[in-house]
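>>> Here is the input, now give the coordinates:
(chains A and B)
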Amino acid sequence: DQQVKQNSPSLSVQEGRISILNCDYTNSMFDYFLWYKKYPAEGPTFLISISSIKDKNEDGRFTVFLNKSAKHLSLHIVPSQPGDSAVYFCAALGGGADGLTFGKGTHLIIQP
Amino acid sequence: DSGVTQTPKHLITATGQRVTLRCSPRSGDLSVYWYQQSLDQGLQFLIQYYNGEERAKGNILERFSAQQFPDLHSELNLSSLELGDSALYFCATTRVTDTQYFGPGTRLTVL
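So this is what the prediction gives:
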């Protein structure tokens, strides 16, 4: 069973607009969530994280929102830039798992 | 650049063979995690070492093993290789148990 789900395999957004990537989880014991960005043939690059005691964390153009009651988190990128085109992975830590549990990823395409 | 290095970048081998993948952590990082990324399974946690000792196991096959040396670099050993073991293998390191920083990966192709 997939404990972390990213239901949109791909997302296309115009340059300058907001990109919103979504992630749902099922394990209520997860207590730390991370977003990674990945280009082909490279390792995942850490973007931003959030602890379960918070509901929002901002870092420059990136904001992560956590809704614990809905077991949902989202990553907002504002404004979207061409270099943001990549695969974005949502990951969770805790819940008895010692490594990160990843979603399948969302391929974000920023159109000019 | 995360500061985590992995060698080799690419590895091509035959079924039944044994290979070793190497990971050097960021300076000061004591914990090393290994992950496998395959097309059908996505990124999956294999095993974790902390300061030389095995800390946790994920979906690691019995044919696979790992170790962490006194200088904190880690090696992942894959034996009796099968076609299905072809994947990207990443290591990630961290100081305690917070954000994990990933290396560039090793692409393993089993023919």
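>>> what's near enough to touch whatever residue of chain B ends up closest to chain A?
Here chain B gets closest to chain A at one residue, residue B:45, 2.7 Å apart by CB to the nearest CB. In this view, the C-beta of every residue, glycine as well, is placed from N, C-alpha and C. For residue B:45, the contact set (CB atoms under 8 Å, 6 or more residues apart in numbering or on different chains) comprises A:97, A:98, A:99, A:100, A:101, B:33, B:34, B:35, B:58, B:59.
>>> Swap in 6 Å and give it another go.
Residue B:45 sits next to A:99, B:35, B:58 when contact means CB atoms under 6 Å, 6 or more residues apart in numbering or on different chains.
>>> does any bit of the lowest-mean-pLDDT helix or strand in chain A sit next to chain B?
Every helix and strand of chain A was ranked by mean pLDDT, DSSP states H and E. The lowest is strand A:97-102, at a mean of 84. Yes - contact between strand A:97-102 and chain B, assessed by CB under 6 Å from any CB of the partner chain, occurs at A:98, A:99, A:102.
>>> Extract the residue ranges of the chain that are flagged as low pLDDT.
Because you didn't say which chain, this covers chain A. Applying pLDDT under 70 to chain A flags the ranges A:95-97.
>>> Correction: the question concerned chain B.
The low-confidence ranges in chain B, as defined by pLDDT under 70, are B:96-97.
>>> can you give me the helices for it?
Per DSSP state H, chain B carries no helices over any range.
>>> Next to chain A, which bits of it? Give me the list.
Contact residues, chain B versus chain A (CB under 6 Å from any CB): B:33, B:42-43, B:45, B:48, B:56, B:58, B:90, B:99, B:102-105.
>>> And the furthest pair within the residues you listed?
Using CB to CB, the residues of chain B next to chain A reach their maximum pairwise distance at B:56 and B:104, which is 23.3 Å.
>>> Show me which residues of chain A sit near chain B.
Counting by CB under 6 Å from any CB, chain A sits next to chain B at A:42, A:43, A:44, A:46, A:49, A:98, A:99, A:102, A:104.
>>> If the fourth one is in a bridge, with which residues?
This means residue A:46. residue A:36 (DSSP bridges).
>>> That one: neighbour count?
17 (other CB atoms under 10 Å in any protein chain shown).
>>> cool, the third one as well?
By other CB under 10 Å, 30 other residues sit near residue A:44.
>>> what sits against the residue in chain A positioned nearest to chain B?
Nearest to chain B in chain A, going by CB to the nearest CB, is residue A:99, at a distance of 2.7 Å. The neighbours of residue A:99, taking CB under 6 Å, 6+ apart as the test, are B:33, B:45, B:48, B:58.
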